[in-house]
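> The following comprises the amino acid sequence and a computationally predicted model.
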Amino acid sequence: MNYPYFVRRDLDGFFGLFVDNLIQLLLILTLCSGLCGMTGESSYLLYKHVLPGAAISILIGNLFYAWQARRLAKKEGRSDVTALPYGINTPSLLVYVFFVMAPAFGKARAEGMSPDEAATLAWELGLVACIGSGLIEFFGAFIAETVRRRTPRAALLSTLAGIAVGFISMTFALQIFQKPLIAMLPLAIVLITYFAQAPFPFHLPGGMVSVLLGTGIAWLLTGLIAVWPEAPSWLADSAMKPGNVTASLDQLGFYLPTYSGARVFQRLADPSQWVGMLSVIVPMGLFNLIGSLQNIESAEAGGDKFGTRSSLAANGIGTICAALFGSCFPTTIYIGHPGWKALGARAGYSTLNGLVVTALCLTGAVSLVNSLVPMESGIAIVLWIGIIITAQAFSAVPREHAPAVAVGLFPAIAAWGFTVTNGAFLMAGGKTMQELLTSVTSTGEPTGGISNIEVNGFLLHGLISLERGYIFTCMILAAISAFLIDRKFFTAGVWSLIAAAFAAVGLTHAYQLSGNGVDFLFAFTQP
């Protein structure tokens, strides 16, 4: 059996996975510089510590999962095994910035610390949060297989489908229609290539063609704007910004990873600095663990049965290494294995992604790539991945369990809706979510002239309540539904008790507000 290190279709898989990883890296640069003080003289924290640490974690994981795919291929005598996709976890990235690092930076500045000292404190507490998540992921690997065996496939896959519909497909569909001049042709190329299986001349990978065409269109529009200054805004908004290319060159260099473990252990030695963060670290660690478990189940449904314990343990080790070498952000097994498999990608796409992302992080070239290649040129590939994940959730389960999959979609879609809503509140100003919700009395009568009904079905409390702990809620609701369909009432009752226990301790539904910030509310913490 011949299982090559690289096949032509690995290029398609690489472009999709690379776009996904690049988005996370750009989020890190934007949020850490804007909210955590890592800008100006403190930007060294990003380029000398965070990005090199992220490179270590991404390279370790991508190489492991590529090796794992080769091992499985040789064991089963197959040449069609696809490696698990892997990268930085988006929800953890956002939560750790907004609820660990940014508050730490703001509090330190209020207490009189210099900007650099405050940014350093925020970074170090981010490292503590990251290693906490990694430990949960690693030790959770030893019990996850038991959870997987006792959970219906519909429950594991419905969560992924909900995430795929909202956070992947809808998000990227909106981006495509936000800048259709750049993104529509790449979308057409992707659909022709992957739905119709139409080959391109010289066997060029469709993913590469879509990225090259989108980039070419963007720079043609940029040239047009240069000679037509009076161009309408809808045309000008699609142009690239040559000044960003020049500015990004200033960050180029060679940044070797440095060991940051001493800083982590120094902070861990003082529990008063991190005990309050457990309300963020514990649920995010559990979310990452369950999410990765669901993605392993998705891979098995697609024909590739990887070991649960080794897959999850490697993920945990990747996150721990990230923290020890300077990155504040956990890694995870990505959603989308069936999509990469349908592309024809094997193990090479994972290896190539790890090598390229590492090179970008160690040279400070992340912002340079972003200034040269528009994100819209590659997002159609990721959109297609979301479509395949959603389709698999219904096709890979018993036909009678399809309604259970549908039930499991609701919390994840609510989570996407809340993300959009929260972003709108943050940008619009005016009344905060806290003010809006507290303006309605317990009897439902508006005290400030506004109620849920009066804003045309905008049920904000219900949206947030369903969104909290949605990875758990999706799985539990789908499991209960599947067991009811099978008339296994006792087992459905057990899952209902699990749902009640999770709600009682605050892992699902409960929340507390501070302005537009939404945090978990646990039974053992004070609001």
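Cool, the structure landed.

> Surely residue 8 is within a helix?
No: under DSSP: H, G, I helix; E, B strand; the rest coil, residue 8 sits outside any helix and is assigned coil.

> mind checking how far it is from residue 502?
Residue 8 sits 46 Å away from residue 502, taking C-beta to C-beta, to the nearest Å as the criterion. (Glycine included, C-beta is placed from N, CA and C.)

> Counting neighbours, go ahead and name the busier of the two.
Each of residue 8 and residue 502 has its neighbours counted (other C-beta atoms under 10 Å); residue 502 has more, 18 against 14.

> any weak-confidence spans in this structure?
1, 426-430, 436, 438-458, 524-527 (pLDDT under 70).

> Using the record's assignment, carve it into domains.
According to automatic domain parsing, the chain comprises the domains 10-397, 404-527.

> Can you tell me which of those domains is packed in deepest?
Neighbour counts (mean count of other C-beta atoms under 10 Å) averaged over each of the domains of the chain peak at domain 10-397, with a mean of 21.

> now do the same end-to-end measure for that domain.
28 Å (C-alpha to C-alpha, to the nearest Å).

> ranges for the helices of the stretch 201-350 of the chain?
Counting by DSSP state H, counting those that start in this stretch, the stretch 201-350 of the chain has helices at residues 206-227, 233-236, 242-249, 261-268, 278-301, 308-324, 337-343, 348-363.

> Kindly state which of these is positioned closest to residue 484.
Closest to residue 484 of the helices of the stretch 201-350 of the chain, according to C-beta to C-beta: helix 278-301, at 20.6 Å.

> which residue is nearest the middle of the protein?
residue 90 (2.8 Å; C-alpha atoms, centre = their mean).

> how much space is there between residue 229 and residue 311?
Here residue 229 is placed at a distance of 54 Å from residue 311 (C-beta to C-beta).

> Over to residue 152?
Distance, residue 152 to residue 311, using C-beta to C-beta: 20 Å.

> picking that back up, the residue nearest to the centre of the chain touches residue 24, doesn't it?
Yes: look at residue 90 against residue 24 with C-beta atoms under 8 Å: they come within range, at 6.2 Å.

> just to revisit the earlier point, out of the helices of the stretch 201-350 of the chain, which gets nearest to residue 464?
With C-beta to C-beta as the criterion, residue 464 lies closest to helix 278-301 of the helices of the stretch 201-350 of the chain, at 14.7 Å.

> Just checking the distance from the closest one to the centre of its chain.
A distance of 12 Å separates the centroid of the chain from that of helix 278-301, by C-alpha atoms, centre = their mean, to the nearest Å.

> what do you get for stretch 465-473?
16 Å.

> do the same with stretch 380-394
Centroid separation for stretch 380-394 versus its chain: 15 Å, with C-alpha atoms, centre = their mean.

> Could you number the chain from 39 rather than 1 from now on?
Sure thing, new numbering starts at 39, so read that last one as stretch 418-432.

> Not counting its own residues, what contacts that stretch?
Residues outside stretch 418-432 that contact it (C-beta atoms under 8 Å, 6 or more residues apart in numbering) are 50, 53-54, 57-58, 192, 195-196, 198-199, 201-203, 206-207, 210-211, 214, 221, 224-225, 227-229, 232, 245, 248, 336, 339-340, 373-374, 376-378, 380, 440, 443.

> From residue 259, how far off is the residue of the chain most remote from its centre?
Relative to the C-alpha centroid of the chain, counting by C-alpha atoms, centre = their mean, residue 265 is the outermost residue, at 39.5 Å. Separation of residue 265 from residue 259 (C-beta to C-beta): 11 Å.

> which residues touch residue 191?
335, 339, 434-435, 439.

> ok, these vs residue 147, which is closest?
residue 335 (44.5 Å).

> State the distance from the closest one to residue 203.
Counting by C-beta to C-beta, the gap from residue 335 to residue 203 is 18 Å.

> do the same with residue 65
According to C-beta to C-beta, residue 65 stands 21 Å off from residue 203.

> for residue 363, same thing?
35 Å.

> Find the nearest non-adjacent residue to residue 47, please.
Nearest residue to residue 47, sequence neighbours excluded (C-beta to C-beta, 6 or more residues apart in numbering): residue 382, at 3.0 Å.
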